[in-house]
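Undergrad: let me see the structure of the following:
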Amino acid sequence: MAFDYITIKNIVEEFRSEILGTYVKESLQTEKHSLLLRFDEGHHLTICCSPHLPAIFLSSSPVLSPKHRPWQSNNLTGSVVQNIEQMGTDRVIRFQLEKQNRVGTARRVFLIVELIGRNSNIILVDKDTGLIIDALRRVTHQMSRFRQILPKVAYLPPPPQTRLNPQTGSLTEFKEMICSHPDQTVVHVLVGTIVGMSMLTAREIAFRSGVDWEEKPISLSKEKLVELWENICSLYGQSWGGKTFIIFDEKKSPVDFCIFNPSWVLAEQKLRVSSLSKAVEYFCFQRSEAR
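TA: Presented below is the predicted three-dimensional model:
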């Protein structure tokens, strides 16, 4: 699933347009690794930090159950969404929430959603102290020597990536990095060297640049390297505004989704939907039904 830099960037923009300034009516833990936030404007934010299917999306009518139980209601219910942002180029979204208490003082917290594969998590942090209040997946010292996620422990972000950032990097750096992996295919080198790059996005960039997916970097001309870099910068810099597609296999089963129109996918194997959240919700539902 393509929860890469481009997807996170665009879904944050979608969230900002829909729930920024609204308040949380209810905070429910729906499953072991899932959280549901109900907002006053009728939106519902589903967040899943399952290692098998991490996801986040807005919906209008989720299925509620008596088995759902409140999670951190004292800090979340009644709080107003002050800001929503992507943390750098990582797959981390931070919601800033503020709640006024009865004496007029404000409690400010960060709800941090880390969509980082098997280490995905939902973490509530006190904005003023930087200490963790709680997390849906607690991580002890026995589980990780480098990063504990426990109440009253200072929150540390995931380790920074050392890959090339198209927003700050240069063509020269790109050429050096891609040519230092002569035995790998172009798409695998892109995934391994560009920050927040998914395989789906790498294939799109190669296709737009006229480069075969199995081609090796050593065989690329200077012109092709420039074209690759320009297409990377173009994709990373754009806001797509609802151009979301679900991709299907030959059996009409969903295999992925993306924020851009995948040029290399046949027309009968892709479907455009009205929002990124709708694509993620549909994809997750179909995947969960198939398990």
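Undergrad: which residues are contacting stretch 189-207?
TA: Contact with stretch 189-207 is made by 2-8, 89-91, 161, 163-166, 177-178, 181, 184, 186-188, 212-213, 215, 217, 228, 231-232, 235, 247, 256, 258, 260, 262-264, as judged by Cβ atoms under 8 Å, 6 or more residues apart in numbering. (C-beta placed from N, C-alpha, C; glycine too.)
Undergrad: one more time with 6 Å, if that's ok
TA: With contact meaning Cβ atoms under 6 Å, 6 or more residues apart in numbering, stretch 189-207 is reached by 2, 4-5, 89, 161, 163-165, 177-178, 181, 186-187, 213, 217, 231-232, 256, 258, 262-264.
Undergrad: then stretch 58-74?
TA: Residues outside stretch 58-74 that contact it (Cβ under 6 Å, 6+ apart): Glu18, Ser27, Leu28, Gln29, Thr30, His43, His44, Leu45, Leu124, Asp134, Ser277, Glu281.
Undergrad: show me which residues of it are buried.
TA: Leu58, Pro62, His68, Trp71, Gln72 (16 or more other Cβ atoms under 10 Å).
Undergrad: also stretch 144-151?
TA: Of all the residues in stretch 144-151, those buried under the rule 16+ other Cβ under 10 Å are Gln148, Ile149.
Undergrad: run the chain-centre distance for it.
TA: 22 Å (Cα atoms, centre = their mean, to the nearest Å).
Undergrad: average pLDDT across that stretch?
TA: Stretch 144-151 carries an average pLDDT of 92.
Undergrad: what of stretch 95-114?
TA: Average pLDDT, stretch 95-114: 91.
Undergrad: show me which positions of that stretch end up buried.
TA: Buried residues in stretch 95-114, defined by neighbour count with 16+ other Cβ under 10 Å: Phe95, Gln96, Leu97, Lys99, Arg107, Val109, Phe110, Leu111, Ile112, Val113, Glu114.
Undergrad: what of stretch 129-149?
TA: Counting neighbours by 16+ other Cβ under 10 Å, one finds that the buried residues in stretch 129-149 are Ile132, Ile133, Asp134, Ala135, Leu136, Arg137, Val139, Gln148, Ile149.
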